[in-house]
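Participant: this one's sequence-less:
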């Protein structure tokens, strides 16, 4: 993994592999770094140009506070990295975990990027169902939010869910979306703009993710993308080896052997080009069925 030195956008763009296939751009989620998704990138990136966009603020902490939110990530890191990769390799596949998927959605809704993007695959992204979580988890997260607003960042040691602290602006925006159950920016809900893109979209929901991105929230996220959206439950009920929790989707041996090949197949299925034709029917698939 090497840093791309001529990338001038926000964050850091890192090149994992080269090749002649359709390119892929991967984003980590909150409280995470490029290292978090490196094993995934190495596995699905064989034979294709593969990049990871690492957000700003990965060293946020005492004396290093930065103020930014998901909207800033969408306008900055995501839109700028998509433009860089697509200009050099053609339309790009987007793959993201958790908050990376939310930031990708902001970029797609706010910028004219459809011709530069082949497909989107997101693992465990939601911003509408936090307040359905068990009360102990909700109270813990809201208490950390108060600490975060005073410090300007959420200390990861208080919740132990990743390798680095996270900007309070990111988490406050996520809590606000969850409170109103609508993902929106200053011009309104994202859903109408995302659905109008007719972008092939696969949302993978962890069958054991009860706290961060429960399947109901992942369903809400998928539905924003309209008729091309597919929701897949990653659990024993759908043939996977385990009911994946939030973290194990992005970093586990079980994901490497059972889940990431599904992502690689998705990329291969959508390598041919950018298809903007609307489909004939709306379908979100779970457990082999259609809902």
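Facilitator: Thanks, I have it. Please read all numbers here as calculations on a predicted model, not as lab measurements.
Participant: what is the rounded mean pLDDT of stretch 19-28?
Facilitator: Per-residue pLDDT values over stretch 19-28 give a mean of 95.
Participant: show me where pLDDT drops low in the stretch 1-150 of the chain?
Facilitator: Counting by pLDDT under 70, the stretch 1-150 of the chain has no low-confidence residues at all.
Participant: Helices along that one, start to end?
Facilitator: For the stretch 1-150 of the chain, the helices defined by DSSP state H, counting those that start in this stretch cover 38-44, 70-73, 79-89, 99-110, 135-151.
Participant: Can you say which of those helices is packed in most?
Facilitator: Of these, the one with the most neighbours on average (mean count of other C-beta atoms under 10 Å) is helix 99-110, at a mean of 27. Every C-beta, even on glycine, is put in place using the N, C-alpha and C of the backbone.
Participant: How far off centre is that helix?
Facilitator: 8 Å (C-alpha atoms, centre = their mean, to the nearest Å).
Participant: so how far is residue 67 from residue 54?
Facilitator: Separation of residue 54 from residue 67 (C-beta to C-beta, to the nearest Å): 18 Å.
Participant: who has more neighbours, the two?
Facilitator: Just comparing residue 54 and residue 67: by other C-beta atoms under 10 Å the higher neighbour count belongs to residue 54, 23 against 12.
Participant: right, and that one touches residue 33 too?
Facilitator: Yes. Look at residue 54 against residue 33 with C-beta atoms under 8 Å: they come within range, at 6.0 Å.
Participant: before we move on, the earlier item: I'd like to know which of the helices of the stretch 1-150 of the chain is closest to residue 27.
Facilitator: Closest approach to residue 27 among these (C-beta to C-beta): helix 99-110, 3.1 Å.
Participant: circling back: dump the helices of the stretch 1-150 of the chain into TSV; add distance to residue 179 as well.
Facilitator: Output for the helices of the stretch 1-150 of the chain, formatted as TSV (distance: least, C-beta to C-beta, whole Å):
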stretch	distance to residue 179
helix 38-44	31
helix 70-73	15
helix 79-89	26
helix 99-110	15
helix 135-151	11
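Participant: Which of those sits closest to residue 269?
Facilitator: Nearest of the helices of the stretch 1-150 of the chain (C-beta to C-beta): helix 38-44, 12.8 Å.
Participant: I'd like to check what contacts that closest one. Which residues are they?
Facilitator: 1, 16-17, 24, 26, 50, 52, 95, 250-251, 255-256, 260, 263-264, 267 (C-beta atoms under 8 Å, 6 or more residues apart in numbering).
Participant: List only buried entries from those residues.
Facilitator: Taking 16 or more other C-beta atoms under 10 Å as the criterion, what is buried in the contacts of helix 38-44 is 16-17, 24, 26, 50, 52, 95, 250-251, 255, 260, 263-264, 267.
Participant: For residue 214, see how far away the residue located most distally from the centre of the chain is.
Facilitator: In terms of distance from the mean C-alpha position of the chain, residue 63 ranks first, at 28.3 Å (C-alpha atoms, centre = their mean). As judged by C-beta to C-beta, residue 63 and residue 214 stand 36 Å apart.
Participant: now do residue 47
Facilitator: Distance, residue 47 to residue 214, by C-beta to C-beta: 35 Å.
Participant: For residue 122, see how far away the most centrally placed residue in the chain is.
Facilitator: By C-alpha atoms, centre = their mean, the chain has its centre lying nearest to residue 101, at 2.1 Å. Taking C-beta to C-beta as the criterion, residue 101 is separated from residue 122 by 3 Å.
Participant: Touching both of those two, which residues are there?
Facilitator: The contact lists of residue 101 and residue 122 share 203, 221, where a contact means C-beta under 8 Å, 6+ apart.
Participant: Please name the bridge partners of residue 205.
Facilitator: As for beta bridges, residue 205 partners with residue 233 under DSSP bridges.
Participant: how about low-confidence regions in the stretch 151-291 of the chain?
Facilitator: Checking the stretch 151-291 of the chain against pLDDT under 70 turns up 273-291.
Participant: mind listing the strands for it?
Facilitator: Assigned by DSSP state E, counting those that start in this stretch, the strands in the stretch 151-291 of the chain fall at 153-154, 166-167, 184-185, 188-189, 201-206, 229-234, 285-286, 289-290.
Participant: quick check: angle from the fifth one to strand 229-234?
Facilitator: For the pair strand 201-206 and strand 229-234, the angle between their directions (axes from the mean of the first three to the mean of the last three C-alpha atoms, to 10 degrees) equals 20 degrees.
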